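> Sequence isn't available, so here's the structure alone:
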Ligand code: NI
């Protein structure tokens with residue numbers, strides 16, 4: 001049976017500040033620039049979640065997209081949307097919330113929660129319309 005990739009695109013808003021608490025304010029400003037400003041700033045995040053699997057001959061689906069939608073809502077969006085990533089999300093605690101760190105943390109919350117026979121293939125996370133990161137595990 002053909003193996004097919006299926007993607008759902010999601011959107012949310014979060015606030016954050018890039019900084020390391022073990023660095024001085026000067027060092028944070030030098031490395032992270034305006035992203036280190038003490039009161040933070042927001043982003044309109046977009047993310048493509050791609051999964052893959054065989055087409056179920058009965059339904060014609062790899063998986064019901066409602067299942068993927070609900071999984072991402074439950075495990076990710078309900079935790080991140082309209083939140084401050086530095087202080088309000090237990091599973092990001094201790095992480096500098098760069099897009100790179102965020103995409104790996106999101107991967108780890110999704111990879112073991114997909115229906116049997118469906119695997120997480122790729123996440124593409126946009127922090128701005130011009131900057132994105134992608135992660136395929138590992
Ligand atoms: Ni930012």
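Sure thing, it's come through. Just so you know, these numbers come straight off a predicted model, no measurement behind them.

> excluding its backbone neighbours, what's nearest residue 35?
Closest residue in space to residue 35, ignoring its immediate chain neighbours: residue 18 at 4.0 Å, by Cβ to Cβ, 6 or more residues apart in numbering. C-beta coordinates here come from the backbone N, C-alpha and C atoms, glycine included.

> which phi and psi does the spatially closest residue to residue 133 that is not a sequence neighbour have?
Excluding the flanking residues, the one nearest residue 133 by Cβ to Cβ, 6+ apart is residue 99, at 4.7 Å. Per-residue torsions, residue 99: phi -60, psi -40 (degrees, to the nearest 10).

> okay, now residue 99: neighbour count?
19 (other Cβ atoms under 10 Å).

> try residue 22
Count around residue 22 with other Cβ under 10 Å applied: 7.

> Could you give the average pLDDT over the helix or strand where residue 28 lies?
Assigned by DSSP states H and E, residue 28 falls within helix 25-32. Mean pLDDT, computed over helix 25-32, is 97.
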